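Enquirer: coordinates only, no sequence provided:
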């Protein structure tokens, strides 16, 4: 309500003409991401985009390629999974973490259907249908 009242008092002559369509597409991507979670950290975004671009990757590869600690990658993948590391908090359900049968110390990461749909929406915003 306060935002609406402020918009009325600022007047109709606010400068908001788009001068760079490519950057505007990124603004739209961030708006789409904020529908998932209002505040998403840069590490969470990097983790999501890494998994989105390397479907069915190893968590260790993510750590090495993004220069994340094991704790940091665990924290970020937990937030993106169905269940947050604090079990009473729901995660975003955008990725799945699976323990590898052959090497139980390794985890594989992939997008959920919800995560795949989000990546499709992002690609459509950036590159068209």
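Expert: Looks like it came in fine. Predicted model, so just to flag it, every value in this text is computed and none were measured.
Enquirer: I'd say residue 110 and residue 58 touch.
Expert: No: judged on C-beta atoms under 8 Å, residue 110 makes no contact with residue 58 at a distance of 10.8 Å. No exception for glycine: its C-beta is placed from N, CA and C like everyone else's.
Enquirer: for the protein, which segments are assigned as helices?
Expert: For the chain, the helices defined by DSSP state H occupy 2-10, 21-36, 42-53, 59-66, 70-80, 113-127.
Enquirer: these: which one's closest to residue 98?
Expert: helix 59-66 (9.9 Å; C-beta to C-beta).
Enquirer: could you check the angle that closest one makes with helix 70-80?
Expert: Between helix 59-66 and helix 70-80, the angle comes out at 110 degrees (axes from the mean of the first three to the mean of the last three C-alpha atoms, to 10 degrees).
Enquirer: picking up where we left off before, for residue 106, find the nearest of the helices of the chain.
Expert: The closest of the helices of the chain to residue 106 is helix 59-66. By C-beta to C-beta, the value is 6.5 Å.
Enquirer: list the helices and strands the closest one packs on?
Expert: Here helix 59-66 touches helix 42-53, helix 70-80, strand 107-111, going by 3 or more C-beta pairs under 8 Å, 6 or more residues apart in numbering; DSSP states H and E.
Enquirer: and of those, who's closest to residue 34?
Expert: helix 42-53 (11.1 Å).
Enquirer: measure stretch 77-95 end to end?
Expert: Length of stretch 77-95, first residue to last, C-alpha to C-alpha, to the nearest Å: 8 Å.
Enquirer: actually, stretch 13-22.
Expert: Terminal residues of stretch 13-22 lie 24 Å apart, using C-alpha to C-alpha.
Enquirer: what's in contact with that stretch?
Expert: residue 24 (C-beta atoms under 8 Å, 6 or more residues apart in numbering).
Enquirer: show me the contacts for the residue nearest to residue 122 when sequence neighbours are not counted.
Expert: Of all residues not flanking residue 122 in the chain, residue 29 sits nearest, at 5.3 Å (C-beta to C-beta, 6 or more residues apart in numbering). Taking C-beta under 8 Å, 6+ apart, we find residue 29 in contact with 122, 125, 126.
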